[in-house]
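**Q** Sharing a sequence plus its predicted fold:
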Amino acid sequence: MQITERQIDDFKSDRKDITPPLPMVLRLVPLLFYCSIAVTVILSSIFAIQFQLAVQKRDSHKTQSASLVTQTQDARNQRTALEAQVKKATDIQNWVAGSRPLEPLLVEITRSMGSRSLILDLRLDREAENPSQIRMGLSMGTDSTKQLDTTVEKISTLNYRAFSPTQTLGRGMLDYKATLVYKDPLSKKNEEGSQ
Amino acid sequence: MNKIDLKSILNFSAFRSEPDDPSASWKKRFPSEKTVFFGLGRATLSWRAISRSGTPGELETVRADPKEALTQSAEHIKSLTEHGWCAASLNTRYVISLETNLSRRAGTGDMLKTNPRGVLGGRFERGKRYALTHNPETNSSILLTFDEDQIRKSEAMFSEAGLRVGRFCCGAYVLLKHALASLNTVKGSETPVSAFYIVCCEGAVCALVQDQDRWNELRSRTDVYEEDMTPITDLLAPFHSRLAPETGITLICDEPMEGLNERLAKVFPGRSINDLSQPALLANLMVQH
């Protein structure tokens, strides 16, 4: 004979609304709920840390940007100051160039005239924008261009070079127009020396 | 689904049996909760704290009217529990009898609670609660009959003391079933068992004669003894002449009773005594099942 039943008989007045326990598989529901909370907390923490780092990075970039803007502004101011100096120097250079005396040029042109030539009109205009350049208009009473060559050669001995020369010959009269540019002999030497 | 349901799911209590669910074992109902196990006699109240791990503590006994004793000790006893849950062994006002030809159809266990008349037939009495253990080899059954009025009074008594009853059982009946299950372990009728079961539980005595798997005689009395064990031997002595010569004695008590084995040896000379008693045996069985 085998008697296996060991369950204890209960005589308590039974409650009507006793419900059986839920299946064990459904434990996954609260477990997943707690897991999701844990994951949410972890992700939120990571987000908060990353956000903090991003804010720090942004602030650092802002500081760097402000510093660079200041540097740029400084450089710009320096450049403006430099440009002002350059302008001043250019003005001085122009003033120096503009103040070069025309008398030697007039003397040399006059001396270059031969016995059979005479100066009818001589005009030397200095350009306001570019005082180193001199616009020359010369009317000579001559019957050949030889006199002109001599005159131009004499002018070149004074370190002036003629640009855009135009000449008109007719009835014993020669009109010559050119732009004379002074070439500093020292700078030429310096260039040759540097080469 | 309301807030309480949600809370019970989130704290996992919805996956455990309810504290007063009779179909679940005590351990499953209170997996890590301190509870108390009572023994309720006619003029005795005893209790034993059950720890969170299910280990019974020391037995405390008060020999007085149980209601008065419980009222006086309620605060102390409640401090032994976490939420006031307790189980009780009712050791008085019950009858254990041997019956034959009771219905064994499927579902009679549940039917015994809802419609006992359908199971017991003419043996049914109004105002009683029943439990049954069938002999698988014969048509006999052990029937436990409890007075419903006594159960209700006991429930009210515990409720007034601020305790919540999770289980009412009959200690002697539980021990008898345990002894039967311990000895009758082989299926079939090839190795029949003969034994004289003696059950002692807080003043109650139950004796069952099993001869070649047949249950021949059963006697059960409550409030038989207190300190003196003479009433036990006086109650059991008449069985000696009716027992087969080779039948041994199987003794089972809720607590080992000092000197009982010697007294039984004198009353039943020449018979082997198999003592299944262990300290806090009933409390341990109550926790395990």
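**A** Perfect, thanks for sending it. Remember, predicted model here, so these are calculated numbers, not experimental data.

**Q** number of nearby residues for the residue in the stretch 101-250 of chain B positioned nearest to chain A?
**A** The stretch 101-250 of chain B approaches chain A most closely through B:Ala131 (3.6 Å), counting by CB to the nearest CB. All C-beta atoms are positioned from the backbone trio N, CA, C, and that covers glycine. Residues lying near B:Ala131 (other CB atoms under 10 Å in any protein chain shown) number 24.

**Q** for the stretch 151-289 of chain B, what spans make up the strands?
**A** B:164-169, B:195-201, B:204-211, B:214-221, B:248-253, B:273-275 (DSSP state E, counting those that start in this stretch).

**Q** export those to TSV and tack on mean pLDDT, mean neighbour count and distance to chain A?
**A** Below are these laid out as TSV (pLDDT from 0 to 100; neighbours: other CB atoms under 10 Å in any protein chain shown; distance: least, CB to the nearest CB, whole Å):
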stretch	mean pLDDT	mean neighbour count	distance to chain A
strand B:164-169	94	22	4
strand B:195-201	95	25	11
strand B:204-211	95	23	9
strand B:214-221	95	18	9
strand B:248-253	96	22	13
strand B:273-275	95	16	16
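
**Q** B:Leu180 and B:Thr133 touch, don't they?
**A** Yes. If you go by CB atoms under 8 Å, B:Leu180 and B:Thr133 touch, sitting 7.1 Å apart.

**Q** Find the residues that touch each one of the two.
**A** The contact sets of B:Leu180 and B:Thr133 overlap at A:Ile3 (CB atoms under 8 Å, 6 or more residues apart in numbering or on different chains).

**Q** ok, back up a step: could you tell me the phi and psi values at the residue of the stretch 101-250 of chain B closest to chain A?
**A** phi -140, psi 150 (degrees, to the nearest 10).

**Q** what's around the closest residue to it other than its chain neighbours, how many residues?
**A** Residue nearest to B:Ala131 in three dimensions, not counting chain neighbours: A:Asp9, with 3.6 Å by CB to CB, 6 or more residues apart in numbering or on different chains. For A:Asp9, the neighbour count with other CB under 10 Å is 23.

**Q** hang on, A:Asp9 is in a strand, isn't it?
**A** No. A:Asp9: not assigned to a strand; according to DSSP: H, G, I helix; E, B strand; the rest coil it is coil.

**Q** can you tell me which residues contact it?
**A** B:Ala131, B:Leu144, B:Cys169, B:Cys170, B:Tyr173.

**Q** quick check, nearest of the residues you listed to A:Arg123?
**A** B:Cys169 (142.5 Å; CB to CB).

**Q** Who does the closest one form a beta bridge with?
**A** Using DSSP bridges, the bridge partners assigned to B:Cys169 are B:Ser89.

**Q** ok, now which ones touch it?
**A** So B:Cys169 contacts A:Ile8, A:Asp9, A:Asp10, A:Phe11, B:Ala87, B:Ala88, B:Ser89, B:Leu90, B:Met286 (CB under 8 Å, 6+ apart).

**Q** quick one: the fifth one from B:Phe30, how far?
**A** Spatial separation of B:Ala87 from B:Phe30 under the definition CB to CB, to the nearest Å is 10 Å.

**Q** The third one now?
**A** Noted for A:Asp10: a distance of 14 Å to B:Phe30, by CB to CB.

**Q** When those two are compared, which one has more neighbours?
**A** Taking neighbours as other CB under 10 Å, A:Asp10 and B:Phe30 compare with B:Phe30 leading, 24 against 20.

**Q** so where do the helices sit in the chain?
**A** As the question left the chain open, I've gone with chain A. Assigned by DSSP state H, the helices in chain A fall at A:28-98, A:103-112, A:146-157, A:185-194.

**Q** other chain: chain B
**A** Using DSSP H, helices in chain B cover B:3-10, B:26-29, B:66-79, B:108-114, B:116-120, B:148-160, B:171-183, B:230-236, B:260-267, B:281-288.

**Q** Contacts (any at all) between chain A and the last one?
**A** The one in question is helix B:281-288. Yes. Shown here: helix B:281-288 in contact with chain A (CB under 8 Å from any CB of the partner chain) through B:Leu285, B:Met286.

**Q** name the helices or strands packed onto that helix?
**A** helix B:26-29, strand B:35-40, strand B:45-50, strand B:56-62, strand B:85-90, helix B:171-183 (3 or more CB pairs under 8 Å, 6 or more residues apart in numbering or on different chains; DSSP states H and E).

**Q** Could you tell me the angle between that helix and strand B:56-62?
**A** Using axes from the mean of the first three to the mean of the last three CA atoms, to 10 degrees, the inter-axis angle of helix B:281-288 relative to strand B:56-62 is 130 degrees.

**Q** that older thread, mind listing the shared neighbours of B:Ala87 and B:Phe30?
**A** By CB under 8 Å, 6+ apart, the residues touching both B:Ala87 and B:Phe30 are B:Gly166.

**Q** what sits against the residue of the stretch 101-250 of chain B closest to chain A?
**A** A:Asp9, A:Phe11, B:Leu112, B:Leu143, B:Leu144, B:Phe146, B:Cys170, B:Tyr173.

**Q** want to throw those into TSV with pLDDT and distance to B:Ser25?
**A** Output for those, formatted as TSV (pLDDT from 0 to 100; distance: CB to CB, whole Å):
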residue	pLDDT	distance to B:Ser25
A:Asp9	88	13
A:Phe11	90	16
B:Leu112	87	20
B:Leu143	95	24
B:Leu144	95	19
B:Phe146	91	21
B:Cys170	94	17
B:Tyr173	95	17
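
**Q** which one of the residues you listed is nearest A:Leu169?
**A** A:Asp9 (150.5 Å).

**Q** For B:Pro22, see how far away that closest one is.
**A** Taking CB to CB, one finds A:Asp9 at 8 Å from B:Pro22.

**Q** Alpha carbons of stretch B:209-216, as CSV, please.
**A** These are the backbone C-alpha positions of stretch B:209-216, laid out as CSV (Å, rounded to 0.1, in the frame of the first residue of the first chain):
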residue,chain,number,x,y,z
VAL,B,209,-4.8,-0.6,13.9
GLN,B,210,-3.5,-1.6,10.5
ASP,B,211,-3.4,-5.3,9.8
GLN,B,212,-2.0,-6.4,6.4
ASP,B,213,-2.9,-3.0,4.9
ARG,B,214,-6.4,-3.2,6.3
TRP,B,215,-7.5,-0.5,8.8
ASN,B,216,-9.4,-2.5,11.4
